[in-house]
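S.K.: A predicted structure for the sequence below; I have some questions about it.
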Amino acid sequence: KNQVEQSPQSLIILEGKNCTLQCNYTVSPFSNLRWYKQDTGRGPVSLTIMTFSENTKSNGRYTATLDADTKQSSLHITASQLSDSASYICVVSTDSWGKFQFGAGTQVVVTP
Amino acid sequence: NAGVTQTPKFRVLKTGQSMTLLCAQDMNHEYMYWYRQDPGMGLRLIHYSVGEGTTAKGEVPDGYNVSRLKKQNFLLGLESAAPSQTSVYFCASSTRGGKNEQFFGPGTRLTVL
């Protein structure tokens, strides 16, 4: 069973609208949580990285939140653009050297 | 800076053939990783390296071998390809310690017939 679960699996949103993606994890111990954006046919690109003590981190129109107590994270996309169409992957790191557990990703499609 | 590059981008093999995927990074990163990505699943770690001359098994190492003879290069070998190894392979690198931000290559799409 995957220790990092993402929801929804996919979603379609209108350009200009906001959306929120969810990530629940059971990974332990916890070092940090990161969100990646993966465009079709490309490698993942880091959006945010949060440690245990950080409960929110922004990168432009992307805002990630982390509740380490409930082991939940969310990624909020504000004023979506067509270029936001991609897969968004939640990744939890379990130790300091970089052992990672990847979620299956949420496929976001932004339509005009 | 080219970042992380992978060679080749696409490859089709017949069952039983062998091949080597090359990953190169120019960021002087200590850590390098090989992952595979299959539909509906998260990236899974095949092998990793924490420094030149060292390698270790990840989550799904069977059927693969790796070598890290130079700090900037990490090679992934398939000795006898099987259809189950049809996948997209990603290489990544990161610094040692801290938040270990990973930088990924563009991927290699491998089909085994």
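M.R.: Yes, it's here. Residues are numbered from 1 along each chain as shown, chains lettered A, B, ... in the order given.

S.K.: what about residue B:15, is that helix, strand or coil?
M.R.: At residue B:15 the chain is in coil, as set by DSSP: H, G, I helix; E, B strand; the rest coil.

S.K.: from residue B:78, how far off is it?
M.R.: 11 Å (CB to CB, to the nearest Å). Yep, even glycine has a C-beta here, placed from its N, CA and C like the rest.

S.K.: what of residue B:45?
M.R.: Distance of residue B:45 to residue B:78, computed by CB to CB: 16 Å.

S.K.: specify the beta-bridge partners of the residue nearest to the spatial centre of chain B.
M.R.: Geometric centre of chain B, nearest residue: residue B:34, 2.8 Å, by CA atoms, centre = their mean. Using DSSP bridges, the beta-bridge partners of residue B:34 come out as residue B:47, residue B:91.

S.K.: so it sits against residue B:46, correct?
M.R.: Yes - here residue B:34 reaches residue B:46: they are 4.4 Å apart, a contact under CB atoms under 8 Å.

S.K.: list residues touching both of those two?
M.R.: With contacts taken as CB atoms under 8 Å, 6 or more residues apart in numbering or on different chains, the residues that reach both residue B:34 and residue B:46 are B:58, B:64, B:66, B:76, B:89.

S.K.: my guess is residue B:59 meets residue B:45, correct?
M.R.: Yes - contact status for residue B:59 versus residue B:45: in contact at 4.8 Å, counting by CB under 8 Å.

S.K.: neighbour count: those two, which is higher?
M.R.: Neighbours per residue (other CB atoms under 10 Å in any protein chain shown) separate residue B:59 from residue B:45, with residue B:45 holding more: 20 against 15.
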